[in-house]
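Enquirer: take this sequence and fold it.
(chains A and B)
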Amino acid sequence: DSGVTQTPKHLITATGQRVTLRCSPRSGDLSVYWYQQSLDQGLQFLIQYYNGEERAKGNILERFSAQQFPDLHSELNLSSLELGDSALYFCASGRGAPGTPSETQYFGPGTRLLVL
Amino acid sequence: AQSVTQLDSQVPVFEEAPVELRCNYSSSVSVYLFWYVQYPNQGLQLLLKYLSGSTLVKGINGFEAEFNKSQTSFHLRKPSVHISDTAEYFCAVSALIQGAQKLVFGQGTRLTINP
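Expert: Numbers count the residues shown, from 1 in each chain, chains lettered A, B, ... in the order given. Modelled structure (predicted):
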């Protein structure tokens, strides 16, 4: 158990819909990272937040957005869903301040999204 | 730009045999290298990491990896595998991009242990 929690575990929805994935980082961690894992793209970094502020963006679509709240939990919002958005979405957390490339990221169990 | 190539998508081995999972990286800046393991239906768990110092890094569950700068490799090894090592293994390179850490993962190697 990494200490990172994600809800829900599974999500089934239809194309065009909007969903919200939730992540709670380990106690004391200020950074939250979101990743997408799919069969064709592998593990892709989406976005990072540190202490409530966006710090880095990866391959995140404009239909996707995220935020980190004062209690440090984070939400990833996926809208206008397409079949290709079906994937496993991971959240990870870390303790280091931005600019710490040696930091270990601790991963949650993931949310499996299926778009029908 | 940073990239990681895991040379084998699948590696089948017999129980108690040694195994090596290969990883090559490309980076134009100082590298920090990681191996993560993903057991079925679970998230990623850190096995080991190389930051600096000794090129031989020991991790959990009896795994070790050797950083080879001249060959830009970071291969993962275990001298004797167990059925419980069946999982997907990801090599990753970390770099500082625009002031933030970015982890770039390889495509993964599925390790299957046969009795």
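
Enquirer: and B:Leu47, what does it touch?
Expert: Going by CB atoms under 8 Å, 6 or more residues apart in numbering or on different chains, B:Leu47 touches B:Phe34, B:Trp35, B:Tyr36, B:Val37, B:Gly59, B:Ile60, B:Asn61, B:Phe63, B:Ala65, B:Leu76, B:Tyr89. (Glycine included, C-beta is placed from N, CA and C.)

Enquirer: the helix or strand in which it is found pairs with which strands?
Expert: According to DSSP states H and E, B:Leu47 maps onto strand B:44-50. Sheet pairing of strand B:44-50 (DSSP bridges) gives strand B:32-38 (antiparallel).

Enquirer: near chain B, which residues of chain A are found?
Expert: Residues of chain A found near chain B (CB under 8 Å from any CB of the partner chain) are A:2, A:4, A:33, A:42-43, A:45, A:48, A:50, A:55-56, A:58, A:90, A:92, A:94, A:96, A:98-110.

Enquirer: the residue of chain A found nearest chain B in helix, strand or coil?
Expert: With CB to the nearest CB, the shortest gap between chain A and chain B falls at A:Ala56, namely 3.5 Å. Per DSSP: H, G, I helix; E, B strand; the rest coil, the secondary structure class of A:Ala56 is strand.

Enquirer: for it, grab the count of nearby residues.
Expert: A:Ala56 has 20 neighbouring residues, counting by other CB atoms under 10 Å in any protein chain shown.

Enquirer: now do B:Thr5
Expert: 14.

Enquirer: wait, it touches B:Ser73, no?
Expert: No. The criterion here is CB atoms under 8 Å, and B:Thr5 misses it with B:Ser73 at 9.7 Å.

Enquirer: quick one: the helix-or-strand element of chain B with minimal mean pLDDT to strand B:32-38, angle?
Expert: Using mean pLDDT, DSSP states H and E, the weakest-scoring helix or strand in chain B turns out to be strand B:100-105, at a mean of 82. Angle between the axes of strand B:100-105 and strand B:32-38 is 50 degrees (criterion: axes from the mean of the first three to the mean of the last three CA atoms, to 10 degrees).

Enquirer: nice, that's everything, thank you.
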